[in-house]
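> Here is a sequence together with a model predicted from it:
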Amino acid sequence: MKIYISSDIEGVTGVVSWEHSTEKGSRDYEVMRRRMTNEVAAAANAALESGAGEVVVADSHANSTNLIHEDLPKKVKLIQGTQRPLSMMEGVDESFAAAMFVGYHSMRNTLHGTLNHSFSGRSIYEIRLNGNPIGEFGLNAAMAGVFGVPVIFASGDRALCEEAQELIPGIITVETKRGIGMIAAESLHPEVSCELIKSGAAEAVANKGNMKPYRIEGEVHLEIDFVRTGHADAAGSMPRVERISPKGLACKAADYTEAYQALRTLINLASTFPLQ
Ligand SMILES: [Zn+2]
């Protein structure tokens, strides 16, 4: 049995500011990347102790060079670095029995969602798939679904847990902190957070037979509302993209994988807008 883990940092206990999660010039970043590593290790150890022969972890925050490999279990293979075809889900395929998301956060515009955003805090206001607002959790869960892999576990703040349970009923979630505002939260002690993640992830593996992949079938209608008209100008040069409002673009994708890759490309193009 192989288990796939996608890991972010904004949902890790105690991470409440953008400085906590950025590598450059942050006093606390070194502390927070250790916490992220420990939370991922807790989930990986639970998977290994529950019978997994191999765990693949995707380091999926910012430059994706956050996790400290020697502090993860020996059977963990670690994917790091950027410009990956499947972005936060690089490495997932049909060989995995299940996926887990550790350190995740809620989509942009979520009340009490600590550090809520959707891929890019600078340029993205809202992403909709077939008319429904969706964030990183849902978009990445659907990417696992393309390969028939169910997402069985997620950890992050309370708002992330609620978002996960609404999209995937029955998923096991662990709340590492209770968001008070966008840059405030009441957090568990780091050791307690790891203990809960370990027991929750073990429960999730035991329950995985009851979980189905989250699939978005057929043609996909993708819409993005950017923060500025300039972001839409920059991204709007992509073929088959339609301007639906001053700050909004839409495109029809033949299937979910194409929609996911179109979304990543549009975000990359929007990032070329100079005033951010
Ligand atoms: Zn992140």
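The structure has been received and is ready for your questions.

> Next SSE downstream of the helix or strand where residue 143 lies?
Element membership of residue 143 [criterion: DSSP states H and E] is helix 136-146. Next in sequence after helix 136-146, counting helices and strands by DSSP H and E, comes strand 151-157.

> Residue 226: what's it in contact with?
123-125, 232, 235, 247-249, 270 (Cβ atoms under 8 Å, 6 or more residues apart in numbering). Quick note: C-beta positions are derived from backbone N, CA and C, even for glycine.

> How about residue 220?
With Cβ under 8 Å, 6+ apart, residue 220 has these contacts: 129-130, 252-253, 255-256, 258-259.

> just residue 262 next, same as before
By Cβ under 8 Å, 6+ apart, the residues touching residue 262 are 222, 238, 251, 253.

> From these, keep the buried residues only.
Neighbour-count burial within the contacts of residue 262 applies to 222, 251, 253; the criterion is 16 or more other Cβ atoms under 10 Å.

> Can I get the contacts of residue 226 in TSV including distance to the ion, secondary structure and neighbour count?
Compiled in TSV, those are given as follows (distance: Cβ to the ion, whole Å; DSSP: H, G, I helix; E, B strand; the rest coil; neighbours: other Cβ atoms under 10 Å):
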residue	distance to the ion	secondary structure	neighbour count
123	15	coil	26
124	13	strand	22
125	17	strand	17
232	23	helix	25
235	21	helix	24
247	23	coil	19
248	24	strand	18
249	23	strand	24
270	17	helix	25
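
> Dump these into a markdown table; add pLDDT as well.
Converted to a markdown table, the contacts of residue 226 look like this (pLDDT from 0 to 100):
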| residue | pLDDT |
| --- | --- |
| 123 | 96 |
| 124 | 97 |
| 125 | 98 |
| 232 | 98 |
| 235 | 97 |
| 247 | 98 |
| 248 | 98 |
| 249 | 98 |
| 270 | 96 |
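
> Could you report the neighbour count for the residue in the stretch 51-200 of the chain that the ion sits nearest to?
Going by Cβ to the ion, the ion is nearest to residue 61 of the stretch 51-200 of the chain, at 3.7 Å. For residue 61, the count of nearby residues is 24 (other Cβ atoms under 10 Å).

> thought it was touching residue 6?
No - counting by Cβ atoms under 8 Å, residue 61 stays clear of residue 6, with 10.0 Å between them.

> host element of residue 224?
Using DSSP H and E, residue 224 falls in strand 220-226.

> got the angle for that strand vs helix 136-146?
160 degrees (axes from the mean of the first three to the mean of the last three Cα atoms, to 10 degrees).
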